[in-house]
Structures are given as structure tokens and as C-alpha cells.
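Trainee: For reference, the sequence and a predicted model appear below.
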Amino acid sequence: MLSDLVAKLEELKRKRNAFIIAHNYQLPEVQDVADFVGDSLEMARKAMETDADVIVVAGVRFMAEVAKVLNPDRVVLHPEPRAGCPLADHMTPEIIKKFRELYPGAPLVTYVNSTLVAKAMSDVVVTSASAVKVVSKLDDDVILFGPDKNLAHFVRKKTGKEIVTVPPWGHCPVHEFLLSPYYLMKAMDEHPGCKLLVHPEAPPESQEMADFVGSTSQMLRAIGELKANCYILGTEEGLSYRAKKLYPDVEVYPPDKRTICIDMKKITLLNIVRSLENMKPKVEVDKGLAEKAREAITRGLELALDKSP
């Protein structure tokens, strides 16, 4: 029974002094047991703030790596190491080197949805919530940005800078295909009158259809600010559960019941319990890569939190 797993999990959390951070796309029951639920930037910050001995990352591999990079002296557990990110795999070291050669001197701004190696080769790491603000604060007019082409389009539109996408084809399969204009039109037909909120990983045409474009955390805030009675959340379906908990009196719908990130759903209560029981799989990162990645992540965090004009 799930209730038994929850009870066991609470016991293990106390025993291990563990803190669970979960992404907004996680299964409902995983969100419910997490100590913190949020987007990538929020998860990274919480991982740094906690005084727990053990951090359990309910998310995909790059999130677990970031948690370890920012907490090198803590035990970081990733209950399912096979939970990867197809978007991150588009941006290889070879591609980065090629674009560095083609655009010497241009800074490389890398989306947090990337491998540890890509982060280590970058100047700044951003999230979908911070990308526009961080890029706008850079003095350079030409920016290398990867791996998501649709987020790159959004940053280009908002900043007016020349954004070179690294690589030009990088995308998240869920956002690229299941959040195409066709699926959004279907959702709008099924839920007439709803406000449409869309993640910037969705195609430009889908972004143009939206009443609001932003990260998962920004979309959640927008629900409270737009004051509508009904919303379609153009992103992975897990965010709809989170939104319904935060706004119980508002109707919230995913665009389609199939807008599911399979990798996010690989994290379950059962493998979290087993991870805490066995204290593995532990996240281990190369110290040299971690140091370089930490510099890029920290710079991105500092610029994102900078309140100066």
C-alpha cells in the first residue's frame, strides 16, 4: 500500500536527516512527500540552503548533478539514475567546441537542462525562469545559447540580442511535439474560455498563441496574477497537479493527458524508499568538472538574483 511506503519514507527521512527536493513534473504522490517542490532554479537554491545530511533529488539526472555540484560535502541520492533528459543530450562537447570556434569571444550561456560537461564548458548557466534576465545583463550582443532552440527564440525575442542556438535543433520532445499548436488548439476547444499559459520550451508558434509564456514557477505565479477562473498549462502535466494544490478554487488542465515526461515519472515512492534504505545510488561527479560547472551555475544564480537595473 502507498500509505505504508509513505510511513516508511517519513521514518527514513528522520533516521537519515534527509531532505527531498522534487520538481514540479514529479508524480503527485512524490510531490506530496517532498520537503520542497519547485523548478530547477528553486531546487538548486534549496539544495544549498538545507542543513540536511542527505539530499534526495526527485528529478532527472542533471538536477541531481547540480545538487551535488552545489553540495560537494553532502550525500546526494538520485533514486533512479536512468532518469535522464533527452534535451540535455543534444548539446555535446564536440558541438560546443565547434560553435566556440565559429564565434570566438561570444559567451556561452547554457540552460540548466544540460550535462555536467556542457555546464563546465560554459560561461553562465541559466534556467527558463532566469534566462531572459541573465542574458539581458550581459554586455555582449552575440550570445551562444543552448541546448533548447525554443527557449533561445524566447530569449532572442525578449532581449533583442543575436542568440546563436547551440545546436540549432536542440529540443525537449514533450514540449516540441505534444505542445505544438495542434495540441494546444485541441485543448482550447475542449476548455473554451481558459487562459493559455505556455512554457518557453514549446515551439515559437505555440508561444505566440499563449496569454503568458514563462517557466513553471512563473506560470504558477501567473495563475494568481491573471485572476481567471480556468487555465490550460502548456507544459508537462505534473505542473497541473501542483497548480491545483496551490489554487484549489481554479480550474486547471494540462493540454493533453499524454504530455508526460517519462524520465520524470521514473522517480517513485518505492525507489525513493529503497534509495534511503540503502543510501544509494549516490551521485558522484568529477571534481574538476564540478568546480568549473559550479562557477558557471553560481554566476547564473548571482545575475538572476541581482536587483540592479
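Mentor: Noted; the coordinates are in hand.
Trainee: Off-centre distance for the longest helix anywhere in the chain?
Mentor: Longest helix in the chain by number of residues (criterion: DSSP state H): helix 287-305. Relative to its parent chain, helix 287-305 has a centroid offset of 16 Å by CA atoms, centre = their mean, to the nearest Å.
Trainee: in it, what's buried?
Mentor: 289-290, 292-301, 303-304 (16 or more other CB atoms under 10 Å). Using the backbone N, CA and C atoms, a C-beta is placed for each residue, glycine as well.
Trainee: Distance of the closest residue to Phe19 other than its chain neighbours relative to Arg74?
Mentor: Nearest residue to Phe19 in three dimensions, chain neighbours excluded: Ala52, at 3.6 Å (CB to CB, 6 or more residues apart in numbering). Distance, Ala52 to Arg74, by CB to CB, to the nearest Å: 7 Å.
Trainee: follow-up on the earlier one: now for the residue nearest to Phe19: which residues touch it?
Mentor: Going by CB atoms under 8 Å, 6 or more residues apart in numbering, Ala52 touches Asn17, Ala18, Phe19, Arg74.
Trainee: Need the three-state assignment for it.
Mentor: coil (DSSP: H, G, I helix; E, B strand; the rest coil).
Trainee: Look up how far Arg14 lies from it.
Mentor: Distance of Ala52 to Arg14, given as CB to CB: 11 Å.
Trainee: one step back: okay if I get the contacts of Ala52 as CSV plus pLDDT?
Mentor: Listed next are the contacts of Ala52 as CSV, based on pLDDT from 0 to 100:
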residue, pLDDT
Asn17, 97
Ala18, 98
Phe19, 97
Arg74, 95
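Trainee: Give me the ChimeraX select line for these, limited to the buried ones.
Mentor: Those of the contacts of Ala52 that count as buried under 16+ other CB under 10 Å are selected in ChimeraX with:
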select :18,19,74
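Trainee: Where strands are concerned, which of the contacts of Ala52 count?
Mentor: Of those, the ones assigned to strands by DSSP state E are Ala18, Phe19.
Trainee: Output the contacts of Ala52 as a markdown table; include the columns distance to Ala131.
Mentor: Shown next, in a markdown table, are those (distance: CB to CB, whole Å):
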| residue | distance to Ala131 |
| --- | --- |
| Asn17 | 34 |
| Ala18 | 31 |
| Phe19 | 27 |
| Arg74 | 27 |
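Trainee: Give the single residue among the contacts of Ala52 positioned nearest to Asp89.
Mentor: Ranked by distance to Asp89 (CB to CB), the contacts of Ala52 are led by Arg74 at 26.9 Å.
Trainee: got a list of what that closest one touches?
Mentor: Ala52, Asp53, Val54, Ile55.
Trainee: Please repeat the previous calculation with a cut-off of 6 Å.
Mentor: Residues near Arg74 by CB atoms under 6 Å, 6 or more residues apart in numbering: Ile55.
Trainee: Residue nearest the middle of this structure, spatially speaking?
Mentor: Geometric centre of the chain, nearest residue: Ser40, 4.1 Å, by CA atoms, centre = their mean.
Trainee: Contact partners for it?
Mentor: With CB under 6 Å, 6+ apart, Ser40 has these contacts: Val112, Thr127.
Trainee: could you check the distance from it over to Pro104?
Mentor: Taken as CB to CB, the span from Ser40 to Pro104 is 30 Å.
Trainee: again, but for Leu41
Mentor: Distance of Leu41 to Pro104, computed by CB to CB: 30 Å.
Trainee: Tell me which of the two has more neighbours.
Mentor: Counting neighbours by other CB atoms under 10 Å for Leu41 and for Pro104 shows that Leu41 has the greater number, 23 against 6.
Trainee: Three-state assignment for the more buried one, please.
Mentor: For Leu41, the assignment made with three-state DSSP gives helix.
Trainee: Contacts only, for it.
Mentor: Applying CB under 6 Å, 6+ apart to Leu41 gives the contacts Thr127, Ala129, Ser130.
Trainee: Serialize those residues to a markdown table and add fields for pLDDT.
Mentor: Formatted as a markdown table, the contacts of Leu41 follow (pLDDT from 0 to 100):
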| residue | pLDDT |
| --- | --- |
| Thr127 | 94 |
| Ala129 | 93 |
| Ser130 | 94 |
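Trainee: Which of the residues you listed fall within strands?
Mentor: Under the assignment DSSP E, the contacts of Leu41 contribute nothing to strands.
Trainee: got a pLDDT number for Tyr182?
Mentor: Model confidence at Tyr182, given as pLDDT, is 97.
Trainee: ah, wrong one, I meant Asp32
Mentor: pLDDT recorded at Asp32 is 98.
Trainee: now Asn229
Mentor: 96.
Trainee: do the same with Met121
Mentor: pLDDT, read off for Met121, is 98.
Trainee: Am I right that it is in contact with Lys97?
Mentor: No. Contact between Met121 and Lys97 fails when scored by CB atoms under 6 Å: they sit 8.0 Å apart.
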